[in-house]
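A.B. asks: Structure for this input, please:
(chains A and B, ligands or ions: 2)
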Amino acid sequence: MTKRTGVFVCHCGKNIAATVDVKKVAQELAEDDGVVFSEDYVYMCSDPGQTAVIDAIKDNDLNGMVISCCSPTLHEKTFRDASELGDLNAFQCEIANIREQCAWVHNDMEVATEKALKITRASVRRVQHNQALEPIGVPVTRRALVVGAGIAGIQAALDLTDAGLDVVLVEKQATIGGNMLKLSETFPTLDCSQCILSPKMVSVSKNSKIKLMTESEVESISGFVGNFKVKIKKKAEFVDPELCKLCDDCTPVCPVAVPNEYDVGLTNRRAIHIPFAQAIPASFTLDEEACLGLDPVVCGKCEEVCDVGAIDYDKKPTVTEEEIGAIVVSTGFDLYGMEHMGEFGGGRYPDVLDGLQFERLCSASGATEGHIMRPSDHKVPKEIVFIQCSGSRDPENHCAYCSKICCMYTAKHATLYKHHVPDGQAYIFYIDIRSGGKGYEEFVQRSMENDGVIYLRGRVSRVYEKDGKLKVMGVDTLAGRNIEIDADMVVLAQAMEPSKGTAEIAKILKIGRDKDGFLAEAHPKLKPVESVTAGIYLAGAAQGPKDIPETVSQAGAAASKVIALLSKDQLAHSPTVAKVRDPWCTGCEMCVDACPYDAIALVDGKAHVNEVLCEGCGSCVGVCVRAAIDVKNVTQLQVHEMISAIMA
Amino acid sequence: MSNPSKVTKAEDDTQGRASVAGARKPGATFEPRIVAFLCKWCSSAGSDLAGVSRIQYSANATPITIPCSGSVSPMYILSAFNKGADGVLISGCHPGDCHYMEGNYLARRKLYLVKELLQFIGLESERFRMSWVSAAEGAKFAEVVDEFVEDLRVLGPQNRLKAKR
Ligand SMILES: Cc1cc2nc3c(=O)[nH]c(=O)nc-3n(C[C@H](O)[C@H](O)[C@H](O)COP(=O)(O)OP(=O)(O)OC[C@H]3O[C@@H](n4cnc5c(N)ncnc54)[C@H](O)[C@@H]3O)c2cc1C
Ligand code: SF4
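C.D. replies: Ligands and ions are numbered 1, 2, ... in the order given. Now for the predicted structure:
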C-alpha cells in the first residue's frame, strides 16, 4: 500500500512555538518519503484543530498520521478519536512528544528544532508501518470477589450488591469485621464501634447476593479482567454452622486454652469457641491447630456433648473455583509487632500494651467489661503514659512512614482513660500532632483542655520496670528537660503495617506493593483505588494506613469502579499485543518463561499468544534470539526505523 | 488549514548561553548523539515531569518510548551504535516497580550481559547506560541525561561499531 502519511505540528500557543520552529518542522517533514500532507497549527487539540485533522485525513486520503504535540498521556486519546471520525483507524495515529520532551526542556531554538524534527520523523517512520487494529472484545462475568472482610470489604460488598452484582466475600478469620471489631469507641465522635459495625455485618449475612466464605483464602488465580477464575480454599468446617445452636455446651468441656485473638491475647479461649458473641457467621468454630480431638484417641469431648451433632472431626478442607469479573482487595493491617519495641518494654512487661489491647480494656465487650486495669495485677492504673509514633517515622530502626491514625487514637485513648479513671493522669509523648480531618483537631484540643491530658513533646528513650512501676525515661524538648515518670501502664501507639500475608496475596493476584509493603495503587493521585492489574482494585488499610471514614470512602470508590467495569457487556482489551512470526519460531520457549502474564504457550511446537492475556509489555521481544515475536505497532522493524530516523 | 498566529523566534539571549545551547554550532565542543529508550510507564512519564517542571537539560538524547525496559532487544542497542550513536541510554522503572511486574528485572539481567558483550567487542562499556527513573523523578531524568552527555564528551565520538559508509 502506498504510504499517505499526514503530519500535524502543534504550536501549543507559544508553549512549543517559542522554542521549536514549528513551521520548519512541518516544512521539512513535508519532504519526507510518503508524507503527503504536513501543516502546523496553533492549537491542534482545539475544536477547529481537530476539525482540520479530520478534514485533512479525508481530503488527502491519509492512511497514517502523526500529531507532533504534547505528551501522548494527554491527547493520544483525543487524536485517536478524531482519527476515527476521519475514518482512519485509531491505531494509525501516533503522537510525537515535542513539548514535554523537547520544547519545555531546551531553550535554544536551533537545537530544539533539530530534536523536534528527529522526534517527529521517528514517529512518521513508525506510523508508516502501523497496522490498523481493533480493540479485542472480551465478555464479562458480572460477579465480584472481595478479599478480606474488615469494614473495607464489608462496605465494598454491600455497595456492589446494591448495584445488583453478585459477590463472593472471602475472609480468612472465623468472623467478618476485621480490626474494627476490636475497637471500643471511635474518634472523633466516640460512637461505639460495634454499634456501627454490627448492623453492616448482619446485612452481609442476610444478603442473598453475597456468598460469604470465612476461614478461607485465595489460593490461585488465572484469567484476566472480566474473566478471572479464582480458586478459594476453605479450612475444614468441623462445626456445621447450619446445625450449631450457639448453646455453648462445648466450651466448658474443652481442655485446651489458647490466647484469644479477638481480645489481642488479653484473655484465653478454648480450641472450640465463637470469636465473639455477635460473630458472623453466628456459629462456633474449631481451631484446628489447638484442638486435640482431631486425634480421636486423645480427646473428642465436645463432639460428645453436642446434642445436635454439629461437630465432625473428619471434615476436610475444600477448594472451590469461582468465576469472577473483578476483584477488590481489602486485606487490612496488623499492628507492628511489640517485640520490636524492646526499648519501651514491648513484649516484655505485661502492663506495656499496644493500642488494640488498650481498646479491648476500654471495651464493654472486653475481658474487663470496660474497666481499665493492669493485666498484671488488676489494679487501676493511676498514671498512664502513651507513646506515639512507636515504630513509625523511624527509617533507621522501624517503619519510615507516618501511620496517620495513631495521633488521633491516642488522643481518644487518653480521653477514654479519663472517662474511666477520673482521678488518673495521662501523659502523651509525641513528635508532632497530626490531626487532619473533620473535627479531628477539635477532638485533640478537647482531650488536652477538658481531660487534662499532658502532652509532652519529645521522645522516650527507655521504659523499664522498677518497684512495681514502669519507669518512663524521656525528654520534653519544648521545656528542654529530662522527664521521668513512674507509670502504672504504658500504651504504645504501634505503627500500622500491611496485614500478615499481604506479600503472598499480592503475589497470587499479581498486584504490586509499595516500598513499605502496602498494596500499590496504579497512580498515587489519579488512580488511588486501582491496582496495576486491570480489574483488581484496592480498599482500606491494605493500601496504606487510614481511619474508618477514609476506609469506607475508598471501599465505596473501589466498588463503584467495579460497578462501572461490570456494567458493560464486553470489555475492550488493547490490541497492541504480541504476535509470533511462525516460520521464525523454533519453539525454544524463552518467551514462554519471560512472559509475566502466562500469555504464551507452545502450540504445535510454536509459541502462541493468548491475545486476551497479553498486556503488550514486550518482555518476549527482548528475549527472543530469533526475533520471531513482536508487539504490534512497536515491532522491531519499527524500532530500527525510528533509530535510523534519529541518527540520519 | 487556517493561518497560524505569528510566532516570534526565541530571543537572541539564548545565543550567549553556555553548554548545550551551543550544540552543533561550528566550533562548539563535541556533541554526542544519544538514543534514549524510555519505558512508557516510568521513565517517559518522568521525562514528561521534567518537561512540566521546565527543567533544562541537554538536547543530545532523542527519546524512543517503548512499552517496558524489558522489551529492549540487544539488537536495538547494537543497531543504534551501528547507525552512529555515541551513546545508548535505557531507562525503566525502579526494580520492583515495573508496571508489568518483572520486566525491568529481566532488562537488568539481560542488559548486564549486553554491557559485557560490548566490552568484549571493544566498545567502551560506558557508552551504554541503564538508569531507573520513576514517573515522579523529573529532576533525576534530567540529571541522568546531563551526566551521560558529560561522560560521552570525555570519550569522544564512537567509531568502533559505526557502519562505514
Ligand atoms: C488501636 C486502634 C484504634 C483505632 N481507632 C479508630 C477510631 O477511633 N476511628 C477510626 O476511624 N479508625 C480507628 N482505627 C482504624 C481502623 O481500625 C481502620 O481504619 C480499619 O479497621 C481498617 O479497615 P480494613 O477493613 O481496611 O482493615 P482490617 O480491619 O484490618 O480488615 C481486614 C480484614 O481482612 C482479612 N484478611 C487479611 N488478609 C486476608 C487474606 N489474605 N484473605 C482473606 N482475608 C484476609 C482480615 O482477617 C480482616 O478481617 C483504629 C486503629 C487502631 C489500630
Ligand atoms: S499518626 Fe501521629 S503518632 Fe502515628 S506515626 Fe503519624 S505522627 Fe506518629
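A.B. asks: need the contact list for A:Cys291.
C.D. replies: Applying Cβ atoms under 8 Å, 6 or more residues apart in numbering or on different chains to A:Cys291 gives the contacts A:238, A:256, A:271-272, A:299, A:313. Any C-beta I mention is one placed from the backbone N, CA and C, and that applies to glycine too.
A.B. asks: residue of chain B with the smallest distance to ligand 2?
C.D. replies: Taking Cβ to the nearest ligand atom, ligand 2 has its nearest neighbour within chain B at B:Ala136, 21.9 Å off.
A.B. asks: need the contact list for that residue.
C.D. replies: Neighbour list for B:Ala136: B:46, B:49 [criterion: Cβ under 8 Å, 6+ apart].
A.B. asks: before we move on, what about A:Glu237?
C.D. replies: Listed by Cβ under 8 Å, 6+ apart, the contact set of A:Glu237 reads A:215, A:315, A:318.
A.B. asks: and with 10 Å instead?
C.D. replies: A:214-215, A:283, A:285-286, A:312, A:315-318 (Cβ atoms under 10 Å, 6 or more residues apart in numbering or on different chains).
A.B. asks: of all those, which two lie farthest apart?
C.D. replies: The largest separation in the contacts of A:Glu237, counting by Cβ to Cβ, is between A:Ser283 and A:Lys316 at 18.2 Å.
A.B. asks: Chain B: strands as residue ranges?
C.D. replies: Here chain B has its strands, by DSSP state E, at B:34-39, B:61-66, B:87-92, B:128-132.
A.B. asks: Of these, which is nearest chain A?
C.D. replies: For the strands of chain B, the distance to chain A is smallest for strand B:61-66, at 4.6 Å, taking Cβ to the nearest Cβ.
A.B. asks: could you point out which element follows the helix or strand where A:Val146 lies?
C.D. replies: Assigned by DSSP states H and E, A:Val146 falls within strand A:143-147. Later in the chain than strand A:143-147, the nearest helix or strand by DSSP H and E is helix A:151-162.
A.B. asks: ok, that following helix near ligand 1 or not?
C.D. replies: Yes - Helix A:151-162 is in contact with ligand 1 by Cβ under 6 Å from any ligand atom, via A:151-153.
A.B. asks: excluding its backbone neighbours, what's nearest the residue of the stretch 451-600 of chain A found nearest ligand 1?
C.D. replies: Per Cβ to the nearest ligand atom, A:Gly540 is where the stretch 451-600 of chain A lies closest to ligand 1, at 2.3 Å. Computed as Cβ to Cβ, 6 or more residues apart in numbering or on different chains, the closest residue to A:Gly540 that is not its neighbour in sequence is A:Ala152, at 2.7 Å.
A.B. asks: now A:Arg393
C.D. replies: Distances taken as Cβ to Cβ, 6+ apart place A:Cys402 nearest to A:Arg393, at 5.4 Å, with adjacent residues excluded.
A.B. asks: So the one you found: helix, strand or coil?
C.D. replies: coil (DSSP: H, G, I helix; E, B strand; the rest coil).
A.B. asks: For A:Gln50, see how far away it is.
C.D. replies: A:Cys402 is 46 Å from A:Gln50, where distance means Cβ to Cβ, to the nearest Å.
A.B. asks: Compare those two (neighbour count), which wins?
C.D. replies: A:Gln50 (22 against 17; other Cβ atoms under 10 Å in any protein chain shown).
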